[in-house]
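> Sequence first, predicted coordinates after that:
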Amino acid sequence: MSDVKDVIIIGSGPAGDTAALYAGRANLSVTVFEGWQPGGQLTTTTVIENYPGFENGIDGNELMQEMKKQAERFGAEYITKDITKVDFSGENKKVYAGETEYEAKSIIVATGAKPRKLGLDSEERLWAKGVSSCATCDGFFFKDKVVAVVGGGDSAMEEAMFLTKFATKVYLLHRRDEFRASKIMLDRAQANEKIEFITNVAVEEILGENSVSGVKLKNTGSGEESEIEAQGFFLAIGHIPSTKFLEGSVELDDEGYILRKENSMTSAAGVFAGGDCVDHRYRQAITAAGQGCQAAIDAERWLEAQ
C-alpha cells in the first residue's frame, strides 16, 4: 500500500491532466492513474484546431504529452494502470489497480466517455481518417465534401445540421423510420435542404482504404444492399461514460454519467468529478479542461475545510 496522497486523479485526458496541474500547483501531493490509454480520446485524433493557443492546430498526442509534462513539473506522479475498484466509505478513500490498494484524502474522477460504435472492422481502420464521433471537432475538415451521419436522436440531428455549414450534402442514416429525436429537432433537420434522410438501413461497411470513400448499406426490411458516396462518416449513436467501476460508490444518472451534487463534488464526500464522465452536452477538450480545473480547486478547498 502506498502512502496517503492528498489527491488521486483517475483519468488522464484534458480533465485529469488539468486537475493534476492545478492540484500540484496548490502544493498537494497528486497521483494520476492514467489508464492503459494515456491521454484519453484526444490521442486517437490527428490535428486539433479548436483548442486555444495553437494558431496552426496541434496533434492530439502532442497536446496530451504537453499537458502531462506540465502537470509533472508541479509534482504530479503518473501511474499507467487502470483503477478497477473503489471504496469511498472511509475518511481516506481507497482505489484499487488489480489487487494493489492506494489511498488518498480526496479523489477526482476524470475517466471520460467513449463514443458508442457500430462494431465494424472498417470503422476501426478508418477512425480519424474520415470516421469521427464529433462534428464540432472535425466538421471543418469536410468543407465542400459529402458526409454521412448515423443515428436517430437529437444528437444526430444536431451533428447533421452542424455539418451542413461545411459539407455540400449530409446523409442521415437510421435503422428505422421513426426517430428518438424531439419533434422540433427532427423538423429542423428535415427542413434543411442539404440533409437527405435514408431510413430503414443498417451500415454494413464504411468504404475506403486510407480514407472514407462511401458507405455500404443494407435495407433492414428487404435485405437489399446499396452504396452511397461520402468522404466523411460521423457516429451519433451516443456515448458510454467510463464509470461502471463506480456503481454503488457515487450517484450516477440513468445513462451512467456521474451526478455532481455540490459544485464539482459527487454524492460521496471528498470525491469530485469533471470532463466527459459528467458532461452530456459539450464533450470538448476545452470544457473538459475547465471542469478539471474546477474539480481541483474544489478538492483543495474541501481539504482545507477538513
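Thanks, I have the structure now. Residues are numbered from 1 along each chain as shown.

> Would you mind pulling up the elements that the strand or helix carrying residue 160 packs against?
Here residue 160 sits within helix 154-163, counting by DSSP states H and E. Other helices and strands packing on helix 154-163, by 3 or more Cβ pairs under 8 Å, 6 or more residues apart in numbering; DSSP states H and E, are helix 135-138, strand 146-150, strand 169-174, helix 183-191, strand 232-235. All C-beta spots, glycine's among them, are computed from the backbone N, C-alpha and C.

> can you state the direction angle for that helix and strand 169-174?
Relative orientation of helix 154-163 versus strand 169-174 (axes from the mean of the first three to the mean of the last three Cα atoms, to 10 degrees): 170 degrees.

> tell me the contacts of residue 16?
By Cβ atoms under 8 Å, 6 or more residues apart in numbering, the residues touching residue 16 are 9, 10, 32, 34, 40, 108, 110, 275, 292.

> Excluding residues flanking it in the chain, which one is nearest it?
Distances taken as Cβ to Cβ, 6 or more residues apart in numbering place residue 110 nearest to residue 16, at 3.7 Å, with adjacent residues excluded.

> Tell me which residue lies nearest the centroid of this structure.
Centroid-nearest residue in the chain: residue 113, 4.2 Å away (criterion: Cα atoms, centre = their mean).

> Quick check: that residue touching residue 255?
No: using Cβ atoms under 8 Å, residue 113 makes no contact with residue 255, being 9.5 Å away.

> Spit out the residues that contact the two alike.
residue 241.

> how about low-confidence regions in the stretch 201-306 of the chain?
Scanning the stretch 201-306 of the chain for pLDDT under 70 picks out no residues.

> Residue 284: neighbour count?
Other residues near residue 284 number 17, with proximity taken as other Cβ atoms under 10 Å.

> ok, it - contacts?
If you count contacts by Cβ under 8 Å, 6+ apart, then residue 284 has 50, 136, 137 around it.

> just to revisit the earlier point, quick one: the helix holding residue 160 to helix 183-191, angle?
Using the same axes, to 10 degrees, helix 154-163 lies at 40 degrees relative to helix 183-191.

> Need the CA coordinates for helix 154-163. PDB is fine.
Provided in PDB are the C-alpha atoms of helix 154-163 (Å, rounded to 0.1, in the frame of the first residue of the first chain):
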ATOM      1  CA  ASP A 154     -31.300  14.800 -31.100                       C
ATOM      2  CA  SER A 155     -27.500  14.500 -31.200                       C
ATOM      3  CA  ALA A 156     -27.700  13.000 -34.700                       C
ATOM      4  CA  MET A 157     -29.900  15.900 -35.800                       C
ATOM      5  CA  GLU A 158     -27.500  18.400 -34.200                       C
ATOM      6  CA  GLU A 159     -24.500  16.800 -35.800                       C
ATOM      7  CA  ALA A 160     -26.100  16.700 -39.300                       C
ATOM      8  CA  MET A 161     -27.200  20.400 -39.100                       C
ATOM      9  CA  PHE A 162     -23.800  21.500 -37.900                       C
ATOM     10  CA  LEU A 163     -22.100  19.600 -40.800                       C
END
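
> tell me the mean pLDDT over it?
What helix 154-163 shows for mean pLDDT is 92.

> What residues of the top helix by length along the chain count as buried?
In the chain, taking DSSP state H as the definition, the longest helix is helix 285-305. If you call a residue buried by 16 or more other Cβ atoms under 10 Å, then helix 285-305 has these buried ones: 285, 287-300, 302-303.

> And stretch 60-72, by the same measure?
Per 16+ other Cβ under 10 Å, stretch 60-72 contains these buried residues: 60, 63, 64, 67, 68, 70, 71, 72.

> Next, give phi and psi for the last one.
This means residue 72. phi -60, psi -30 (degrees, to the nearest 10).

> mind checking pLDDT for it?
For residue 72, the model assigns a pLDDT of 98.

> Identify the spatial nearest neighbour of it, chain neighbours not counted.
Computed as Cβ to Cβ, 6+ apart, the closest residue to residue 72 that is not its neighbour in sequence is residue 78, at 6.9 Å.

> In the sheet, which residues pair with the one you found? Tell me.
Under DSSP bridges, the beta-bridge partners of residue 78 are residue 32.

> Tell me the spacing between it and residue 267.
In this structure, residue 78 and residue 267 are 28 Å apart, going by Cβ to Cβ, to the nearest Å.
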